[in-house]
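[1] when you get a sec, could you give me coordinates for this:
(chains A, B and C)
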Amino acid sequence: MSLLEIKDLKITFGGLDALSGLNFHIDEGEIVSVIGPNGAGKTTFFNAISGLVTPTEGDILFEDESIVGLDPSTVTSLGIARTFQNVRLFPNMTILENVMVAQHCRTSQLIYGALLQTKAFKREEREIRERAIEVLEFFGHRLVGYRMDQPAFALSYANRRRLEIARAMATQPRLLLLDEPVAGMNPIETAELTALVGRLRTEWGFTIIMIEHDMKVVRDVSDRVVVLDHGVPIAQGSYDEVSTNPDVVEAYLGRPVEAN
Amino acid sequence: MPTHAITTKSARRLVSVDRFLTFIRVFLVSVIVIGLLAFIWQQFDADNPFAQWRNPGARGLTGDQFKGLLISGLSQGSMYGLIALGYSMVYGVLGFINFAHGEVFMVGAMTGFIASDKFQANGMWESNFLLCLVLIIVMAVFFSTFTAVVMERVAYRPLRNSPRLIPLITSIGVSFFIQNFVLGLFGPSTKSYPRLPEWLAKQRSILTFEIAGTRLLVLVVAAASMAGLWYIVERTKTGKAMRAVAEDKEIASLMGIDVNRTIVTTFAVGGAMAGVGGILWGLMFRSVTHMTGFLPGVKAFTAAVVGGIGNLGGAMAGGISLGSAESIAPLVILEPLGVPGVSQLKDAVAFTVLVLVLLFKPSGLFGERLSSEDRA
Amino acid sequence: MSTLAAPMPSSALDQDWRKVLRWGFICGGTLIALCLVGMPVELDRREIIERYLSLGYLSVVLVPIVIGWVSASQIVLEGFESRKQGLFDLVTGLVVGVIGGGLLSLLMVALDSWNLRDPLVNWSPKLFRFLTYENGMGFGAGAWIVTCGVLGLVGASLHVVPRIARRIVAIVIIGLLSLSVLEAAVSDVSEGFGLEWLTDLIYAKKGGLTLTSTFVVGAVMAVVAAVTDGRVKAATNRYRDMEGVERQKASMILFAVVAVLCIVLPMFLGKIMNELLANVGLFLLLALGLNIVVGLAGLLDLGYVAFFAVGGYTTAVLTSPNSPWFAPELHFGFSLVFVVIFAIIVGLVIGAPVIRMRGDYLAIVTLGFGEIIRLLFLSDWLGPYFGGAQGITNVPGVDLGFATVKGTDPRSVFYLVLFFSVIAIYVSWRLQASRLGRAWMAIREDEQVAEAMGINTVSAKLMAFVVGAVLAAFSGAVLVAKVGSVFPTSFMILISIIILVVVIVGGMGNIAGVMVGSFVLIGVLGGPKQPGLLQEFQNFKLLIYGMLLVFMMLKRPEGLVPSARRSRELHQEEFLQDAWLRGDKPGIDEDEDAAPLLVGDGGGEEE
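    Residues are numbered from 1 along each chain as shown, chains lettered A, B, ... in the order given. Got it, this is the predicted structure:
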């Protein structure tokens, strides 16, 4: 059974097919990269899975249950988390708070507990805090210590991307959608993050779908690669297969490859 | 390690809210339908059993009464429409509700009062009415435009890039300030417009409709203003700039359009329309106080939403629809259901319409026209 | 001199005359508007310094000072060498003042020559006499031109004097003004403590400070200002920087002091003061509730007064023997249970449709709901149940066994209000630091992302609505028990707006700020219908509230007592710049750039 299965997904915006005829599946523990030229519909693909956009046609099955039409918060609580391409943190909340609030769907205390400061409430708050620190420590020393109480807007760009991922991790998902995780990072940061993505699978057990433009990262980390162009999947397979596929090259470069 | 917790509780809460909303929709629609049916039955048979139960002693509406209601709804609605234009334009361009727009309308009405009062004192009102009318309209338009432009410059321009709620709250402050400033200047007493000269105000008969001259004047002036506005927006360069800025401020400025100037123009035109509306209101209802702008302002905003915010034709249409609904609904829907004192609930009708529209078709009857950055 | 410096004026007369003219006209316009609105004449009744300065004249005098100060201000950019302020600015202030005074004189000429009483209500001989100080036209005109010029100069000079002088002047003026204005409160308190002789010494018989006491107290305050320079700020910073156990201890001490004051003080205060405090408390309760809805969750509920009405009417119906339809005559405490239940129900009913709407629409729709509820309570249709326009009378006070709380005993009302306020403060405090509070913050920051992070925004927003509704309903219940009756006219939209002003001016999302806002605004200027300490402002308080709201939004949206978080939020750029300039402040990555991440930065594809 695939963890996520997408059948004939079609999304139309005002006459334009952002995605069409998309069939996709990913098994537990896989890392799959989605690549393609600009405007290919990759982020729309993520939006459809996470529930921010409703498909015109087709079905999305997570653990064999259809998640089409569900609210984004429900989708997250079912076990799918995502990051955003243009990092959307909660800028005025502290780093720690950003990660604590992401655990909302995994915790349950309500007004009653907060007002009466019940043991259960205090215990849950402690656990939330501990889990948040655990997630933040995955990124080394950068996001912990005195930094934890700094507002998120004060972070550097690379740290913001890391916090974005940490926040997604904190929702305790089974499937993690990373939207261009290394965009804008320098080569050192990129290499570090690539290693982290691998560890996300091995140490934390996430299944990962990743949108990326940096081919080096794609090559180093992916089990499989899917190529989208103008909303249509034009190739699937391992990195080597896909990178030499003439259709893919044409999509990127716009010129048919002449046979030697 | 990640756990797999499916929270059914939050999913359930969502569903119950949706179910509740559906219940409200169904409830409201049934009330309207039952009321209409009861009304129709009442028209045919004034002593039918339902009427006996809910509304004894009722008589149906005669054709003339109905037409009268329609006319009053239309004239009231066109005034709402004129005010709604300002709300719609500002929302289309800047993406927030200018709460103080109702006060711009009130300033126009006040100016008209002062001017017409003076004209009546020196006799010009009776002798040279049309000239007076033109003059008071010009003066009202001047002052309401002035108010709108100053408002934009002082209170809204510095907040161009603030999070959405802040300009809204500021506009509440501005509205409050203007209301009480006018109160301070002119006192709390009700100001009365002088009567329209008899030759204008008398009842006329047009196409089987009995219509008072005053209402006719309102309709004519409103239509003329609307036509003027249409001309400005569709045919002039300024209007084109306004439409461009409403679509996308950034791109418009890259195309060489002076965005600040265009926004000021938008406020000015909206203010002018409201000023005309103020004069018409004064001539129609003849009483103005510092609070006159509040309720019509909120209702005009409702009209703008009903027609589709940002959509100028929609604003006018929304105004007329709201005006008609306001005059017809109490007698046609509520009274047959046995609700006493329906005239008191007239104001509630407008708010109910707002809720209805937002529940059923939030983008309004004719669709919204918002800039890309404001589309929520 | 660096090429980035602002151009130095070559002489004191080398002005940007357009700017000076503009500010001069603004000064004159403000003065004329002030006079025509009637404030100075009305405020003339209250003496600040016996025989020499009344509140009316003070209000006029403040205008050229403030505008002189503003017109001479410079925008100082960090890292740029700024022009040193000097003679150049003094001339600006002087000329601005002179122009203002000149325009005021024109007003006097006009007052003398024409009678515009017909539209302008305050165009009266009284105003003329006020402006000319009873001394005729020529004297008046000349005096004002000179006075305003000098005052403009004074205002501008505040830029030039050393900082300590500014501090002393500010504290002396504010201190003397407060002492004079709070005369009723101070007398009441000293009477309670048996210190009447002190107040007799300070205040004149007809009100206001005596000349001698002005000088004495002024001198004392100047000394205090000079001595405590910097200490207050250091102490607050120390408090803010405290952590953990130390912070807890400091907070507890602070809390204990305030608590003791609140409990003990009313016993020493007279009836009027207690009445005032009870009033402030009622509004505080409402403000704390709205604070949760607006400040924490970011929902602008303009129909908040509806919940106030629900609480009031529920109490009235359940406790009064005069309730037209159903009069169980329950005890107040028992009816409170139903108050909570109905508040929750109405909160859910109003909240459910609005929860998915855009911010501005939510504001208007809730406004609509507030009006609908008022109209319903007022209508003849529901008259048989709620009394219509006549309302419900004969609501009994609260019988606590050992005492009865009723309107005739303001002290008891104050304690009841205090009790509920404490509950409200506790609720706000606890919720803010809870899972729900964090969810609210996230929703306010970026609702779409909050949803994507698994927060059920509908649920959380409804919770905010409901909590706010319950607190407002409490306030309504207490009000009705205090007044002894309920009328639909008590629940106008005006109340929602005034509460909003209190919350925003005090500090949105911040409990201390809301408290300060209530005390300062409702206590001094008064509520919608109730007068505050300064009854002269009765006709002008709404005007001032409107102006305050606009001013705060433009200049200081975080409120008078901002929470550290909110201050950061609204001044992100400054915060970052300060941190960068300080250089060694930990928390900012020194090796990488930090650009401000403003709310709403997201959205929009960049591929």
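[2] please make it C-alpha for all contacts and neighbour counts, starting now.
    Noted.
[3] identify the residue nearest B:Tyr193 in space, chain neighbours excluded?
    Nearest residue to B:Tyr193, sequence neighbours excluded (CA to CA, 6 or more residues apart in numbering or on different chains): B:Arg286, at 4.7 Å.
[4] tell me the spacing between the one you found and B:Gly278.
    For B:Arg286, the distance to B:Gly278 equals 11 Å [CA to CA, to the nearest Å].
[5] can you classify the closest residue to chain B within the stretch 51-200 of chain A as helix, strand or coil?
    Chain B sits closest to A:Gln172 of the stretch 51-200 of chain A, with a gap of 4.6 Å, by CA to the nearest CA. Under DSSP: H, G, I helix; E, B strand; the rest coil, A:Gln172 falls in the coil class.
[6] touching, it and A:Gly79? I think so.
    Yes. Under the criterion of CA atoms under 8 Å, A:Gln172 makes contact with A:Gly79 at 6.8 Å.
[7] when these two are compared, which one has more neighbours?
    For the pair A:Gln172 and A:Gly79, the greater number of neighbours falls to A:Gln172 (27 against 22), based on other CA atoms under 10 Å in any protein chain shown.
[8] any weak-confidence spans in chain A?
    Within chain A, the segments meeting pLDDT under 70 span A:1, A:254-260.
[9] and for the nearest residue to C:Asn456 once chain neighbours are set aside, the neighbour number?
    In space, and not counting its chain neighbours, C:Asn456 is closest to A:Ser73: 5.6 Å by CA to CA, 6+ apart. By other CA under 10 Å, 28 other residues sit near A:Ser73.
[10] again, but for C:Ile373
    20.
[11] ok, then the element right after the helix or strand hosting it?
    Here C:Ile373 sits within helix C:359-378, counting by DSSP states H and E. Remark: after helix C:359-378, the chain's next helix or strand is helix C:383-386, criterion DSSP H and E.
[12] any chance you could list what contacts the helix or strand containing C:Ala450?
    In the assignment (DSSP H and E), C:Ala450 maps to helix C:447-452. When contacts are defined by CA atoms under 8 Å, 6 or more residues apart in numbering or on different chains, helix C:447-452 is touched by residues A:Ser50, A:Pro72, A:Ser73, A:Thr76, A:Ala81, A:Arg82, A:Arg88, A:Leu89, C:Ala439, C:Ala442, C:Ile443, C:Thr457.
[13] looks like the first one contacts A:Ser77 (just checking).
    No. Under the criterion of CA under 8 Å, A:Ser50 lies out of contact with A:Ser77, with a separation of 10.6 Å.
[14] who has more neighbours, those two?
    Per other CA under 10 Å, whichever of A:Ser50 and A:Ser77 has more neighbours is A:Ser77, with 29 against 25.
[15] surely the more buried one is within a helix?
    Yes. Counting by three-state DSSP, A:Ser77 is located in a helix.
[16] that one contacts A:Arg106, doesn't it?
    Yes. Using CA under 8 Å, A:Ser77 makes contact with A:Arg106 at a distance of 7.2 Å.
[17] how about the nearest residue to A:Val232, chain neighbours excluded?
    Nearest non-adjacent residue to A:Val232, counting by CA to CA, 6+ apart: A:Ser20, 5.6 Å away.
[18] next SSE downstream of the helix holding C:Ala450?
    For helix C:447-452, the following helix or strand on the C-terminal side (DSSP H and E) is helix C:457-483.
[19] show me the contact partners of the very next helix or strand once past that next one.
    Proceeding N to C from helix C:457-483, the next assigned helix or strand is helix C:493-506, under DSSP H and E. Applying CA under 8 Å, 6+ apart, the external contacts of helix C:493-506 come out as C:283, C:286-288, C:290-291, C:302-305, C:367, C:370-371, C:512-518, C:521, C:527-528, C:545, C:548-549, C:552, C:557-562.
[20] now helix C:493-506 against helix C:359-378, angle please.
    Using axes from the mean of the first three to the mean of the last three CA atoms, to 10 degrees, the inter-axis angle of helix C:493-506 relative to helix C:359-378 is 140 degrees.
[21] care to break chain C down by domain?
    Split into domains by automatic domain parsing, chain C comes to C:8-160, C:163-230, C:251-490.
[22] so which of these is the most packed in?
    When you average the neighbours per residue for each of the domains of chain C (mean count of other CA atoms under 10 Å in any protein chain shown), domain C:251-490 leads with a mean of 22.
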